[in-house]
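Undergrad: Sequence and computational prediction follow.
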Amino acid sequence: MHPNLSFEQAPPVSVPYRFFLTAPLFGVAAGLLLVWLGESAVASRWSGGALALTHLLAVGFMLQAMTGAVMQFVPVAAGGNVWRPGLVANLIHPALAIGAGMLVAAFLVHESVLFRLAGAILLTTVGFLVVVVGAALLRTPARGATILSMRIAVFGLAVTALLGATLAEGLAGDASWPLVELANVHAGWGLGGWALMLLAGVSYYVVPMFQLTPAYPAVLSRWLAPILLVTLLLWSVQLGGQSPAWQQWVWRAGLAVGAGFAGVTLWLQQRRRRRVSDPTLLFFRGAMVCMIGLLLSAVVMTLVPSVAEHPRLPYWLGVLALPGVFVSAINGMLYKIVPFLNWLHLQRLMGIGMLPPNMKEMIAERAMVAQMRVHFAAVIFLLAGAIMPEIARVAGLVFAISCAMLGRNLIQAARFFRNFRDRIRAAAPNPAP
Amino acid sequence: MPRVIDGRELQPPEPLELALMALDTLPDDEELTMLLYCQPHPLFDILRRNGYRWTETVQDDGTHEICIRKA
């Protein structure tokens, strides 16, 4: 047993929960923005509306939820001692929300000051997060595929933020940087170097534990992160200002790595030891299908050049990657993590010999299933928007409803925790701190 | 007589729930054995705070065998 790995190091439950409860608000905002913008948002990757939507999901939804997960996961599962998690969360949580809001506003109104402010806030905030979490991950004596993936993921987040701030400065002024290439590399590091790397690292740990699957094959968990890192470094060559022809194969290779991870995850789910399906498992399955969908899209693009040149292709790929893969996976993960944290923290207050309520009482299964159906309906509507742009507004509305339902379910769990904690404290003569 | 909880087919926190119930009635001279596919860090924390000691061995199939008794 490793003496430093312990729930004793877990931060107060308010640390992750503030991030988890904020993320769905940005999802609702993204859906409503699509309702407002309609067809114009799906017409081009480079429209202000499309970029605002992308960052509402990537910085508003994903980065919030993933920061909360990292603040919880690093101390408990990776044995890393995060410096003053309460103070760090107090600083990072509002700064991420303000930075995301400002960036979205900058894309919508094309205001230089907003780009500069958003770039500075997000770079400073993410830089602080990277230093605090990175130090904890470097100092932990724990080893393994999860630690390696998380270390590279935090590095990927730093690169993403640095490139993003550079882009914001470029959009604010008249810099002669290669903005298209910068944006390509920024997106690659954000989706592959940060989001996929973190998802894989956390999955090695939580998929076998919560979904009762066999462990990921060692060859995959050992090599996925280094291969993805090399792929991203090759992808970054275009920062020189030219995109060599072989680069077209680099992003396809990156998608193949992601699809490989997704295929193995689906295979493991098929071999799970107890044939029980719950929303987390189904959310993960949907996310992995979308990840494979990205690779299949790349194959079609290769075989049918007219598809590759279609103006709404980037929108299609963006929907598969953001709502399809990452929002689905995060959504599913939240439905397992939040009740589990409720249970653990309540048990800590109750002491031995008493059990907290069953996890299934924390969020009603029926409510999770209903939200999951609306979420996947939203993904299908959003994808259909690439073929029939006139339904973009309906897709946005369904997505906003799904995120609102997610927020309601998470608030229900947080209220459950608070009410039960208060009852334990009221009943105990000398309550635990 | 040794008590054994096989938590390998159970979803968290079910193994922890069974362990807490078993520990509540575990006589001082008896041992509780848990079989799991992972290290139960939250359980270790509970054991530490409540005066239990434990040994852990990892079997070839990845099973963690944790033997717990009162310190």
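TA: Structure's in. What do you need?
Undergrad: Residue for residue, what is the longest helix the chain has?
TA: Going with chain A. helix A:392-427 (DSSP state H).
Undergrad: actually chain B
TA: For chain B, the helix with the greatest residue count under DSSP H is helix B:14-24.
Undergrad: So which other helices or strands are in contact with that helix?
TA: strand B:3-6, strand B:32-36, helix B:41-49 (3 or more Cβ pairs under 8 Å, 6 or more residues apart in numbering or on different chains; DSSP states H and E). C-beta: built from backbone N, CA, C; applies to glycine.
Undergrad: Compare the ones you listed and report which one is nearest to A:Ala253.
TA: With Cβ to Cβ as the measure, helix B:41-49 is the member of the helices and strands packed on helix B:14-24 nearest A:Ala253 (36.4 Å).
Undergrad: Which strands border the next helix-or-strand element following that closest one, and is each parallel or antiparallel?
TA: Counting by DSSP states H and E, the next helix or strand C-terminal to helix B:41-49 is strand B:52-58. Strands that pair with strand B:52-58, judged by DSSP bridges, come out as strand B:64-70 (antiparallel).
Undergrad: And the contacts of the partner strand?
TA: B:19, B:23, B:26, B:28, B:30-40, B:43, B:47, B:51-59 (Cβ atoms under 8 Å, 6 or more residues apart in numbering or on different chains).
Undergrad: can you check stretch B:17-25 too?
TA: Identification of contacts with stretch B:17-25 by Cβ under 8 Å, 6+ apart yields A:347, A:352-353, A:355, B:3, B:5, B:7, B:10, B:32, B:34, B:40, B:43, B:46, B:50, B:52, B:68.
Undergrad: next one: stretch A:152-168
TA: With Cβ under 8 Å, 6+ apart as the test, stretch A:152-168 has contacts from A:70, A:103, A:106, A:115-116, A:118-120, A:122-123, A:126-127, A:129-130, A:133-134, A:137, A:177, A:179, A:182-183, A:185-186, A:189-190, A:192-194, A:197-198, A:201, A:225, A:228-229, A:232.
Undergrad: Could you do stretch A:311-319 as well?
TA: Here stretch A:311-319 makes contact (Cβ under 8 Å, 6+ apart) with A:42-45, A:50, A:54, A:294, A:297, A:301, A:307, A:379, A:382-383, A:385-386, A:389.
Undergrad: got it, and stretch A:356-374?
TA: For stretch A:356-374, the external contacting residues (Cβ under 8 Å, 6+ apart) are A:278-279, A:282-283, A:331, A:335, A:338-340, A:342-343, A:346-347, A:350, A:398, A:401-402, A:405-406, A:408-410, A:412-413, A:416-417, A:420, B:13.
Undergrad: again, only using 7 Å
TA: A:279, A:282-283, A:335, A:339-340, A:342-343, A:346-347, A:350, A:398, A:401-402, A:405-406, A:409, A:412-413, A:416, A:420, B:13 (Cβ atoms under 7 Å, 6 or more residues apart in numbering or on different chains).
Undergrad: Of those residues, keep whichever come out buried.
TA: Applying 16 or more other Cβ atoms under 10 Å in any protein chain shown to the contacts of stretch A:356-374, the neighbour count classes A:279, A:282-283, A:335, A:339-340, A:342-343, A:346-347, A:350, A:398, A:401-402, A:405-406, A:409, A:413, A:416, A:420, B:13 as buried.
Undergrad: Would you point out which residue is most central in chain B?
TA: B:Met34 (4.0 Å; Cα atoms, centre = their mean).
Undergrad: The closest residue to that residue other than its chain neighbours bridge partners, please.
TA: Nearest-residue entry for B:Met34: B:Ile66, 4.4 Å, with adjacent residues in sequence omitted and distances by Cβ to Cβ, 6 or more residues apart in numbering or on different chains. Here B:Ile66 sits in beta bridges with B:Met34, B:Glu56, going by DSSP bridges.
Undergrad: neighbours around B:Ile66, how many?
TA: A count of nearby residues for B:Ile66, using other Cβ atoms under 10 Å in any protein chain shown, gives 23.
Undergrad: what's the spacing between the lowest-mean-pLDDT helix or strand in chain B and its chain's center?
TA: Lowest by mean pLDDT, DSSP states H and E among the helices and strands of chain B is helix B:41-49, with a mean of 84. Relative to the centre of its chain, helix B:41-49 is centred 10 Å away, using Cα atoms, centre = their mean, to the nearest Å.
Undergrad: Report the closest residue of the stretch 51-200 of chain A relative to chain B.
TA: Residue nearest to chain B within the stretch 51-200 of chain A (Cβ to the nearest Cβ): A:Val76, separated by 6.4 Å.
Undergrad: nearest residue to the residue nearest the centre of chain A other than its sequence neighbours?
TA: For chain A, the residue nearest the mean C-alpha position is A:Met62 (3.7 Å; Cα atoms, centre = their mean). Of all residues not flanking A:Met62 in the chain, A:Phe326 sits nearest, at 5.4 Å (Cβ to Cβ, 6+ apart).
Undergrad: pretty sure that neighbour contacts A:Ala65?
TA: No. Applying Cβ atoms under 7 Å as the test, A:Phe326 and A:Ala65 come out as separate, 9.1 Å apart.
Undergrad: Which of these two has more residues huddled nearby?
TA: Each of A:Phe326 and A:Ala65 has its neighbours counted (other Cβ under 10 Å); A:Ala65 has more, 27 against 24.
Undergrad: Filter the contacts of strand B:64-70 down to the buried ones.
TA: Buried subset of the contacts of strand B:64-70 (neighbour count, 16+ other Cβ under 10 Å): B:19, B:23, B:26, B:31-38, B:40, B:43, B:47, B:52, B:54, B:56.
Undergrad: mind listing what the closest residue to A:Pro24 other than its chain neighbours touches?
TA: Nearest residue to A:Pro24, sequence neighbours excluded (Cβ to Cβ, 6+ apart): A:Gly407, at 3.5 Å. Applying Cβ under 7 Å, 6+ apart, we find A:Gly407 in contact with A:21, A:24-25.
Undergrad: So which of the residues you listed is the closest to chain B?
TA: Closest to chain B, out of all of the contacts of A:Gly407 and judged by Cβ to the nearest Cβ, is A:Leu21, at 22.1 Å.
Undergrad: How about the contacts made by the closest one?
TA: Shown in contact with A:Leu21 (Cβ under 7 Å, 6+ apart): A:407, A:410-411, A:414.
Undergrad: What strand or helix carries it?
TA: Residue-wise, A:Leu21 maps onto helix A:14-37 under DSSP H and E.
Undergrad: for the stretch 301-433 of chain A, which spans come out with low pLDDT?
TA: A:429-433 (pLDDT under 70).
Undergrad: Could you report the neighbour count for A:Met362?
TA: The tally of other residues near A:Met362 (other Cβ under 10 Å) stands at 24.
Undergrad: now do the one 10 residues further on
TA: By the criterion of other Cβ under 10 Å, A:Met372 has 23 neighbours.
Undergrad: repeat for A:Pro311
TA: By other Cβ under 10 Å, the residues close to A:Pro311 number 11.
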